[in-house]
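> fold the following, please.
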Amino acid sequence: MDKYKEKLLNNLKTNLDIIREKIRNNLEAFRNEVDKGPEELRKLKGEEQNAYAQLLYFRRKRLVELDHLEGSPYFMKVDLIDEDKTEKTYFFAKHQYSKESIYSWVAPVATIRFENPGQTSYKLPNGENRNVFIKQKEQYMIVDGKVIFFALENEKNPRELIYQEHFTKQKSEFALPEIVAQMEKAQDQVIRASHRGPLVISGPAGSGKTTLALHRVAYLTQAPDTAQYYNPDSIIVFVQDTGTKEYFSTLLPGLGINDVFITTFSQWALNVLNLDEYSYVERYGKNEEEKDLYEYQKIRALRENSTIIWNKNIFSTLNIKYEKFLSINNLKLFNKQKNEKKLDRFDLVILLRSHLEKYQKFEIKRKYKTFVKDKLVQKIEKTLVQYNLMVVDEFQNYLPEQLGILKNCLNENTKSTVYVGDIAQQVKLGTVKNWQEIGEEIPIERNIRLSKVYRNTKSILTFIKSLGYSLEIPESMKDGPIVSEIITHSSIEEINHIKKFISKYEKGSIGILSKDEAYLEDFKKEFINMKNIHFLSMLESQGVEFDLVFIVGINKDSFKVNHDIDTLPEHIEERKRMQKDLVYVALTRAITELHLLGKDNLRDILDFI
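Purely as a prediction, here's the structure:
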């Protein structure tokens, strides 16, 4: 490193140390106040107690924000000349720390961070434009107080790399600074779009659509002109499974969002219908053919026009709906499902519609704590199910009837929904095909399509593209190991192959995926003590990612679509398309390295389908 760059880096580190120390002191003061909070609360009564409880809530929230800022105080610095000719310096970060001119990324002035040095402007909350001249911009990546990346640009010099540490973590070995430079301005415009009405963010796996959606939520809850409409407790996020729920629950607090309700459709429906003694089943039946036929017959029943009035004997309600459409064998399957007290997505939709027909609304039980005679007690109240903002992740896997029910729970004043997903990853039967099916009109400017894929290596993306899938590969992607295709004849061969590669990923995540969930049993037994190895069916893998992925048991038979006398030609085509989409989902789970193991070549299988 030359002396000029070394001086800049040292100046940054010095400033960083000073600000982090100030934040730490502030953090300690807030922590002391929060620790004393419960004791102070007990001393108060009535309105004073309620007011102090509210103050304590905001102090706890600020404590979380300061904790994030201590490790990463800012990610950009902008030196500018304001329209009144005064020179100013702005820092931008996840959260505000106004004492040091650190502004939250949601502040109106933060939009200038995407502009080139020179004359520009930004919009004030009152709608007026503020003209500024950007002299210089510095962009950083700071993790746990350590400078990972530092770049500088001004009018005379284009963007210049000052310092970049080698990324050692598997998931960070990508051109993150380039992603920020190339994508964030467009993303920021999406995030700041009008809060009313539906917004669609679609794109292939790894394109950043989920991250963009979560930043949209963060913006709406924190921006001065929208925060009044979007209290976190008026927001609901629908995810596909409990794994994704945990993932979202980790990400949202880092963006300053707490108390947002994250759930799956099935959990939400069982709660709304007060069906605590029942459980959810994704698909019911012995094999793929039986499950598909059972679902097709249920779809026909669901889409038949008659309305079934709500009955507390829920299987009696369902039986009335299904009896004309289920074959003798599937009626037996339905009775078995009834005895096991299991409900699938079709059952839940029918029950929700029936309940709504009778009561015209949904209510949900909510637990809360309050003080009664100086004692903190838990109470339960019924509240109307209504949301100011709804996020639906992997929307392409929802029945139009599911999305219609969710729309019914939106506040009429906002009707704010963020649909996140990709029609090319449709892996369930009967799902939404177009927005007209649910009565949504999505303006072009609110239907955002991300095309570039940033998560996987260039080698993996090139291989996927060679199979005929459509995706765009950024030039800045890291190459990575060549995709390995090995013909195997047993799970033992595949296990031995896996053992050769897992040692270098001891600190990374490993996924072993199969079309047939039962095929994974031998692998679970062999690697039972390895906590970083996860075993999932291709269907279950949607929405998760791993540094190293092995797709095992690849064979033509598991992808074969059998014909049935009760299956219409369009259903056959739908099932074939789903098989290809499922393969795409599995392939895109790999971030760094991908191995394909089985009796048949994957390219031959896709041609066969």
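> and the longest helix for the chain?
Secondary structure of the chain per DSSP state H: the longest helix is helix 3-43.
> what's the distance between the helix or strand immediately after it in the chain and the middle of its chain?
Remark: after helix 3-43, the chain's next helix or strand is helix 46-71, criterion DSSP states H and E. Averaging C-alpha positions (Cα atoms, centre = their mean, to the nearest Å) puts helix 46-71 27 Å from its chain's average.
> which parts of helix 46-71 are buried?
Going by neighbour count (16 or more other Cβ atoms under 10 Å), the buried part of helix 46-71 is 49, 53, 56, 61, 62, 64, 65, 66, 68, 69, 70. Where you see a C-beta, it was placed from the backbone N, CA and C, and this is true even at glycine.
> next one: stretch 21-38
Buried, per 16+ other Cβ under 10 Å, within stretch 21-38: 23, 26, 27, 30, 33, 37.
> repeat for stretch 419-429
419, 420, 421, 422, 424, 425, 426, 427, 428, 429.
> next one: stretch 510-521
Within stretch 510-521, the residues that qualify as buried are 510, 511, 512, 513, 514, 515, 519, 520, counting by 16+ other Cβ under 10 Å.
> which residues touch it?
491, 498, 502, 523, 527, 530, 532-538, 540-541, 544, 546-554, 558-559, 582, 586, 589-590 (Cβ atoms under 8 Å, 6 or more residues apart in numbering).
> if we use 6 Å, what do you get?
Residues outside stretch 510-521 that contact it (Cβ atoms under 6 Å, 6 or more residues apart in numbering): 502, 523, 532-538, 541, 546, 548-553, 558, 586, 589.
> ok, now stretch 77-87?
88, 89, 90, 91, 131, 132, 133, 134, 135, 136, 137, 138.
> the fifth one touches residue 121, doesn't it?
Yes. Taking contacts as Cβ atoms under 6 Å, residue 131 lies within contact range of residue 121: 4.8 Å.
> in TSV, list the buried residues of stretch 21-38 along with distance to residue 187 and pLDDT.
Listed next are the buried residues of stretch 21-38 as TSV, based on distance: Cβ to Cβ, whole Å; pLDDT from 0 to 100:
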residue	distance to residue 187	pLDDT
23	27	94
26	30	91
27	30	91
30	31	87
33	36	87
37	37	85
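> among the residues you listed, which one sits closest to residue 449?
residue 23 (39.1 Å; Cβ to Cβ).
> and the closest residue to that closest one other than its chain neighbours, what does it touch?
Computed as Cβ to Cβ, 6 or more residues apart in numbering, the closest residue to residue 23 that is not its neighbour in sequence is residue 70, at 4.8 Å. By Cβ under 6 Å, 6+ apart, the residues touching residue 70 are 20, 23, 24, 27.
> look up how far residue 532 lies from the closest residue to residue 546 other than its chain neighbours.
Sequence neighbours aside, residue 511 is the residue nearest to residue 546 in space, at 3.5 Å (criterion: Cβ to Cβ, 6+ apart). As judged by Cβ to Cβ, to the nearest Å, residue 511 and residue 532 stand 10 Å apart.
> what about residue 390, how many residues nearby?
Using other Cβ atoms under 10 Å, residue 390 has 23 other residues around it.
> contacts for whichever strand in the chain runs longest next, please.
Assignment by DSSP state E gives strand 129-143 as the longest strand of the chain. The contact list for strand 129-143 (Cβ under 6 Å, 6+ apart) reads 72, 75-83, 117, 119, 121-124, 148-154.
> after it, which helix or strand is next?
Counting by DSSP H and E, the element after strand 129-143 in chain order, helix or strand, is strand 146-154.
> just to revisit the earlier point, now do the longest helix of the chain: which elements does it pack against?
On a contact count with 3 or more Cβ pairs under 6 Å, 6 or more residues apart in numbering; DSSP states H and E, helix 3-43 meets helix 46-71, strand 160-164.
> if we use 10 Å, what do you get?
Applying 3 or more Cβ pairs under 10 Å, 6 or more residues apart in numbering; DSSP states H and E, we find helix 3-43 packed against helix 46-71, strand 129-143, strand 146-154, strand 160-164, strand 375-384.
> paired strands for the next helix or strand after the last one, with orientation please.
I take that to be strand 375-384. Next helix or strand after strand 375-384 toward the C-terminus (DSSP H and E): strand 389-393. When pairing is defined by DSSP bridges, strand 389-393 lines up against strand 235-239 (parallel), strand 416-421 (parallel).
> residue 383: neighbour count?
Residues lying near residue 383 (other Cβ under 10 Å) number 11.
> now residue 380
8.
> so it is in contact with residue 274, correct?
No. In this structure, residue 380 is not within contact of residue 274 by Cβ atoms under 10 Å, at 11.9 Å.
> overlap in contacts, those two.
residue 365 (Cβ atoms under 10 Å, 6 or more residues apart in numbering).
> as a check, name the ranges of all helices in the stretch 501-609 of the chain.
521-526, 556-559, 569-587, 602-608 (DSSP state H, counting those that start in this stretch).
> could you say which of those helices is packed most deeply?
Neighbour counts (mean count of other Cβ atoms under 10 Å) averaged over each of the helices of the stretch 501-609 of the chain peak at helix 569-587, with a mean of 18.
> export that one as PDB, just CAs?
Extracted in PDB, the C-alpha atoms of helix 569-587 (Å, rounded to 0.1, in the frame of the first residue of the first chain):
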ATOM      1  CA  PRO A 569     -53.400 -33.100 -20.300                       C
ATOM      2  CA  GLU A 570     -52.800 -29.600 -18.800                       C
ATOM      3  CA  HIS A 571     -52.100 -31.100 -15.500                       C
ATOM      4  CA  ILE A 572     -49.500 -33.400 -17.000                       C
ATOM      5  CA  GLU A 573     -47.800 -30.300 -18.500                       C
ATOM      6  CA  GLU A 574     -48.000 -28.500 -15.200                       C
ATOM      7  CA  ARG A 575     -46.300 -31.400 -13.400                       C
ATOM      8  CA  LYS A 576     -43.500 -31.600 -16.000                       C
ATOM      9  CA  ARG A 577     -42.800 -27.900 -15.700                       C
ATOM     10  CA  MET A 578     -42.800 -28.200 -11.900                       C
ATOM     11  CA  GLN A 579     -40.100 -30.900 -12.200                       C
ATOM     12  CA  LYS A 580     -37.800 -28.600 -14.100                       C
ATOM     13  CA  ASP A 581     -38.500 -25.700 -11.700                       C
ATOM     14  CA  LEU A 582     -37.700 -28.000  -8.800                       C
ATOM     15  CA  VAL A 583     -34.300 -28.900 -10.300                       C
ATOM     16  CA  TYR A 584     -33.600 -25.200 -10.800                       C
ATOM     17  CA  VAL A 585     -34.400 -24.500  -7.100                       C
ATOM     18  CA  ALA A 586     -32.000 -27.300  -6.000                       C
ATOM     19  CA  LEU A 587     -29.200 -26.200  -8.200                       C
END
